[in-house]
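Asker: Just to be clear, the model below is a prediction. Sequence and coordinates:
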Amino acid sequence: MGAALLGCCFMTPQAGLAADCPGNPNALGTSRTIVVDPREHPRIGTMQYPETLPLADHEVVLTFDDGPLPKYSNQVLAILASQCVKATFFTIGSQARFNPEGVRKLIAAGHTVGTHSQNHPLTMNKMPLEKVRQEVDDGIASTLAALNGDKSKLAPFFRIPGLMRAEIPEAYLASQGIQVWSADFPADDWRHISPQRVYDLAIQRIEAKHKGILLLHDIQPRTVAALPRILNTLKERGYRIVHVVPATADRPATPTEPQQWFMRPPTETVAITRWPQIPNFVFTATRTLPAPVLADMDWRDAEILDHAQRARVGASVRTQWPQPQLSQPAPVSTLPTPAADVFRVPEALDLTLLAARTAADRRLARRAATAPVAGAPRAQAISTGQTRHPMQAAHQIPAAAPGQLHGAPLRVAPLAASNASLHVAKRTPRAEASAASKRMPD
Ligand SMILES: [Zn+2]
């Protein structure tokens, strides 16, 4: 009896919650709830930002966009209920107007509800402030209308449609105390792929990072079909579901350390350097070095470039939040090698990717300008006659240029003295083909 009581009291939280899940003793359950303050962390999700949610290893946050659409949203709700897991839903205002009961069902089931604009425009990155404001505010108003205007039921969380991030929407959302949610991994469930593929991508990508925010859509039949297996596999592999709610006056944020908001926090034993380390690849004499994979093009570098671009165009609409530390590397040699699929990113991220490439270009050029001996042989290949248009350069991935892999000459052309940039003359057909075929998440 004593042993039984002891067993009861030392059960893991997950087991305890699963036991509380009616009709499903093996439920995945919700292991814990974290409270976040959008004003302290205005942008999260490593697909686009340096920070993400302060999750522990094997913790996953489920998110669903574009609802409510009764036919599928109700099935998603039933699946989540059967496993007693809580998620975050990003509703579209127009959907909420059509299906206000759908919004109320999300709240009644205990999920967190944020918003996803009024009309789901995939052009928020190009919109003037007034249009951005209208989309954001209308989306919130429409969702609130379904909740009888009860703001306490709506989280100040927002996901930009198509992940089309830009400075204006980000700055506006921050000014409103609204947290921008990107994600840590999508499952491509907006594409015309099979439920099996959605399942495979979700699991592969979660396993590659071990924790993070999963982006799904509750308006897709393939998502409904894949979700039960996704949850079962997460349970089998020891993953735990975390529910996220916003801080309020009565509910302070969960205490965290700054480094917890990074996917790969530095440790005391790891030297701090900046990624990517491509220059070593370019200016070494050997041709046998492996090409850095896209994983090396950390999203944080895209963010760095953004800062540079803002400075260049003078559009210094910076938010008031302190900028996160950008030096968050981990030893490359100890990182797992994720599947190639992980880096097949949606069109929406093209700009970020291009930005990252261009940032790498500039670092290469700087290294070229100062490299003493190692760069000397390469200098012969440098010719102003091979100068390429910046946009052409932006579509090339120096690290992945097939010519380099197979020993073809690397040609380097400075753009201009004030803005020297390195360009790989050989184009990357695969990169172009994939750019042409990419589609946006919605
Ligand atoms: Zn969407």
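Answerer: Ah, there it is. Residues are numbered from 1 along each chain as shown.
Asker: ok and the residue in the stretch 101-250 of the chain nearest the ion?
Answerer: Of all residues in the stretch 101-250 of the chain, residue 161 sits closest to the ion, at 4.9 Å by Cβ to the ion. Yep, even glycine has a C-beta here, placed from its N, CA and C like the rest.
Asker: can you pull the contacts of that residue?
Answerer: The contact partners of residue 161, taken as Cβ atoms under 8 Å, 6 or more residues apart in numbering, are 116, 117, 120, 121, 122, 124, 442.
Asker: which regions of the chain sit below the pLDDT cut-off?
Answerer: Within the chain, the stretches with pLDDT under 70 are 1-19, 265-442.
Asker: May I see the domains of it written out as residue ranges?
Answerer: 13-257, 279-335+342-437 (automatic domain parsing).
Asker: what's near enough to touch the closest residue to the residue of the stretch 101-250 of the chain closest to the ion other than its chain neighbours?
Answerer: Excluding the flanking residues, the one nearest residue 161 by Cβ to Cβ, 6 or more residues apart in numbering is residue 120, at 4.6 Å. Residues in contact with residue 120, defined by Cβ under 8 Å, 6+ apart, are 66, 92, 94, 161, 442.
Asker: rerun at 10 Å
Answerer: Contacts for residue 120 were tallied using Cβ atoms under 10 Å, 6 or more residues apart in numbering; they are 65, 66, 92, 93, 94, 95, 135, 139, 161, 162, 442.
Asker: Please report phi then psi for the first one.
Answerer: When read as degrees, to the nearest 10, the backbone of residue 65 gives phi -110, psi 160.
Asker: Return the set of buried residues in the helix or strand containing residue 77.
Answerer: Following DSSP states H and E, the helix or strand that holds residue 77 is helix 70-83. For helix 70-83, the neighbour count (16 or more other Cβ atoms under 10 Å) marks 70, 72, 73, 74, 75, 76, 77, 79, 80, 81, 82, 83 as buried.
Asker: mind listing what the second one touches?
Answerer: Pointing back at residue 72 there. Residues in contact with residue 72 (Cβ under 10 Å, 6+ apart) are 64, 66, 217, 218, 219, 220, 221, 222, 223, 224, 225.
Asker: For the fifth one, give its distance to residue 76.
Answerer: Read that as residue 219. 9 Å (Cβ to Cβ, to the nearest Å).
Asker: The stretch 101-250 of the chain: helices as residue ranges?
Answerer: 129-146, 167-175, 195-209, 221-236 (DSSP state H, counting those that start in this stretch).
Asker: can you give me the angle the first one makes with helix 167-175?
Answerer: Between the axes of helix 129-146 and helix 167-175, defined by axes from the mean of the first three to the mean of the last three Cα atoms, to 10 degrees, the angle is 50 degrees.
Asker: All further residue positions should be reported with the first residue as 54.
Answerer: All set: I'll call the first residue 54, so the last point we hit is now helix 182-199.
Asker: Helix 182-199 close to the ion?
Answerer: No. Helix 182-199 stays clear of the ion (Cβ under 5 Å from the ion), getting no nearer than 11.1 Å.
Asker: Direction included, what does the helix or strand hosting residue 114 pair up with?
Answerer: For residue 114, the enclosing helix or strand under DSSP H and E is strand 112-118. Paired strands of strand 112-118, with direction, are strand 141-144 (parallel), strand 265-270 (parallel), strand 293-299 (parallel) (DSSP bridges).
Asker: Quick one, which of those gets closest to residue 104.
Answerer: strand 265-270 (11.2 Å; Cβ to Cβ).
Asker: Extract the C-alpha set from the closest one and format it as CSV.
Answerer: Taking Å, rounded to 0.1, in the frame of the first residue of the first chain, the C-alpha atoms of strand 265-270 are listed here in CSV:
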residue,chain,number,x,y,z
GLY,A,265,10.4,23.4,-30.8
ILE,A,266,7.2,24.8,-32.4
LEU,A,267,5.5,22.6,-35.0
LEU,A,268,3.5,24.5,-37.6
LEU,A,269,0.3,22.7,-38.8
HIS,A,270,-3.0,23.7,-40.4
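Asker: now the angle from it to helix 123-136?
Answerer: Using the same axes, to 10 degrees: strand 265-270 against helix 123-136 is 150 degrees.
Asker: Strand 265-270 vs the ion: in contact?
Answerer: No. Against the ion, strand 265-270 shows no contacts by Cβ under 5 Å from the ion, the least distance being 6.8 Å.
Asker: Report the buried residues of that strand.
Answerer: Under 16+ other Cβ under 10 Å, the buried positions of strand 265-270 are 265, 266, 267, 268, 269, 270.
Asker: Please look at residue 138 and residue 85 and confirm they touch.
Answerer: No. In this structure residue 138 lies outside contact range of residue 85 using Cβ atoms under 10 Å: 11.7 Å.
Asker: So between these two, which is more surrounded?
Answerer: Set side by side, residue 138 and residue 85 show more neighbours around residue 138, with 25 against 15, by other Cβ atoms under 10 Å.
Asker: how about the nearest residue to that one, chain neighbours excluded?
Answerer: residue 294 (4.4 Å).
Asker: What is the neighbour count of that neighbour?
Answerer: 25.
Asker: what about residue 115, neighbour count?
Answerer: That count, for residue 115 with other Cβ under 10 Å as the rule, works out to 26.
Asker: what's around the nearest residue to residue 113 once chain neighbours are set aside, how many residues?
Answerer: Closest residue to residue 113 apart from its sequence neighbours, by Cβ to Cβ, 6+ apart: residue 292 at 5.3 Å. When neighbours are defined as other Cβ under 10 Å, residue 292 has 23 of them.
Asker: Make sure residue 292 is actually in contact with residue 136.
Answerer: No. Residue 292 lies out of contact with residue 136 (Cβ under 10 Å); the separation is 11.8 Å.
Asker: between those two, what contacts are shared?
Answerer: With Cβ under 10 Å, 6+ apart as the test, residue 292 and residue 136 both reach 81, 284.
Asker: This protein: strands as residue ranges?
Answerer: 83-89, 96-97, 112-118, 141-144, 165-168, 210-211, 232-234, 238-239, 265-270, 293-299 (DSSP state E).
Asker: Run the angle between the third one and helix 274-289 for me.
Answerer: Spelled out, that is strand 112-118. Going by the same axes, to 10 degrees, strand 112-118 makes 170 degrees with helix 274-289.
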